[in-house]
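Trainee: I would like the atomic coordinates for the input below:
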Amino acid sequence: MKELLTASRMAALLACVRRHFYRYEVGLRSLMDAAALRFGSAWHRGMEARWQGASIDVAYTAALGDAEKLDELAVATLSGLLAGYYARYAEDPVKTVHPETEFRHGIEGSRTFDSAGKIDGLGVMHDGRLVLIEHKTCGEDIAPDSDYWLRLRANQQVFQYIDAARRLGWDIALVIYDVTRKPAIRLKQGESCKQFAERLAADCKERPDFYFARREVPILEADLAEFQVQRAELGKLILALRQAERRVPIRQQAWPRNVSSMGCRNCEFQGFCLQGVQADAEHVPGGFTIGPTHGELNMEGAQ
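Mentor: Sure, this is the predicted structure:
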């Protein structure tokens, strides 16, 4: 059975080769999920329910699938944003959506890797065009002139999804980035989480363009072709680094670190990585375990 080469795996490799080693070669997983990841997963569950025609109450219940992992303020934030989202897109240009579509297919020229992932949504516009929908939550400016949109245009995840959608028979005409900005307002002294949720919902309805934005992005065939070349090369890079492991005393030494203030600050492995601590299946750092490398996919267990 071939290994999975997901967009997340490619992003980890490009961000820091050593991070990729810990996460995908060793399979290290933190025992405490990052709060931002938990919130993002909850938001995606809410969006999946909405695209299936659920009411806001049903979508909220679906989003709280693992509510025990969300603190009370995060739950309140989720409630307020969902209320704002439903109000903002009461009249939606997307007619129908097939949410959360998993895929797995071969990569041309690779005997080791399959392309795999989960598409947020495949939809049909009211004008008949087929569209790929990608949900994002972020904490930065999403105004029309923000460079956030320039970076999303070159997002490898979307190219991976476009390639997969076409293999599934969807001749995608465009991509819709559906972006939700996390609130800038904070819990006031003496304010309950319920009151905060209500205030956030009101703020979302008063300033919808601050919190919610959608951008249609046309598909450039040259960009897609470039991505397909780069995906194949990243697979070759992984294999080359595995070969390099044979020439060093400790496996991780073959996987270079990309040390930077921004990258390390947001890396779950920085605590032991920057100290040069050996970490592998026989040396699991405290607070970590060996877990599935693609736990977000149902096909993970099939490897």
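Trainee: contacting residues around the closest residue to Gly123 other than its chain neighbours?
Mentor: Counting by CB to CB, 6 or more residues apart in numbering, Gly123 lies nearest to Val97, which is 4.0 Å off, once chain neighbours are set aside. Using the backbone N, CA and C atoms, a C-beta is placed for each residue, glycine as well. Counting by CB atoms under 8 Å, 6 or more residues apart in numbering, Val97 makes contact with Trp51, Gln52, Gly121, Leu122, Gly123, Val124, Ile133.
Trainee: ok, 7 Å please
Mentor: Shown here is Val97, whose contacts under the criterion CB atoms under 7 Å, 6 or more residues apart in numbering are Trp51, Gly121, Leu122, Gly123, Ile133.
Trainee: now the second one, nearest residue through space, not along the chain?
Mentor: By that I understand Gly121. In this structure, Gly121 finds its nearest non-sequential neighbour in Ile133, 3.6 Å apart by CB to CB, 6+ apart.
Trainee: Contacts for stretch 172-186 next, please.
Mentor: For stretch 172-186, contacts defined as CB under 7 Å, 6+ apart pick out 43, 77, 81, 85, 129-139, 142, 152, 158, 162, 165-166, 199-200, 203, 210-219.
Trainee: Now, of those, which are buried?
Mentor: With neighbours counted using 16 or more other CB atoms under 10 Å, the contacts of stretch 172-186 contain these buried positions: 43, 77, 81, 85, 129-138, 142, 152, 158, 162, 165, 199-200, 203, 210-213, 217.
Trainee: And the strands in the stretch 151-300 of the chain?
Mentor: Read by DSSP state E, counting those that start in this stretch, the stretch 151-300 of the chain holds these strands, from start to end of the chain: 174-181, 212-218, 288-290.
Trainee: now those as CSV including mean pLDDT and distance to Gln189?
Mentor: What follows is the strands of the stretch 151-300 of the chain, written out as CSV (pLDDT from 0 to 100; distance: least, CB to CB, whole Å):
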stretch, mean pLDDT, distance to Gln189
strand 174-181, 92, 24
strand 212-218, 89, 28
strand 288-290, 93, 37
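Trainee: Redo those as CSV? Include distance to Glu296.
Mentor: Written out in CSV, the entries for these read as follows (distance: least, CB to CB, whole Å):
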stretch, distance to Glu296
strand 174-181, 19
strand 212-218, 24
strand 288-290, 17
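Trainee: Between those, which one is closest to Gln252.
Mentor: Set against Gln252 and scored by CB to CB, those come closest in strand 288-290, at 13.9 Å.
Trainee: just to revisit the earlier point, out of the contacts of stretch 172-186, which are inside helices?
Mentor: Residues of the contacts of stretch 172-186 located in helices (DSSP state H): 43, 77, 81, 85, 152, 158, 162, 165-166, 199-200, 203, 210-211.
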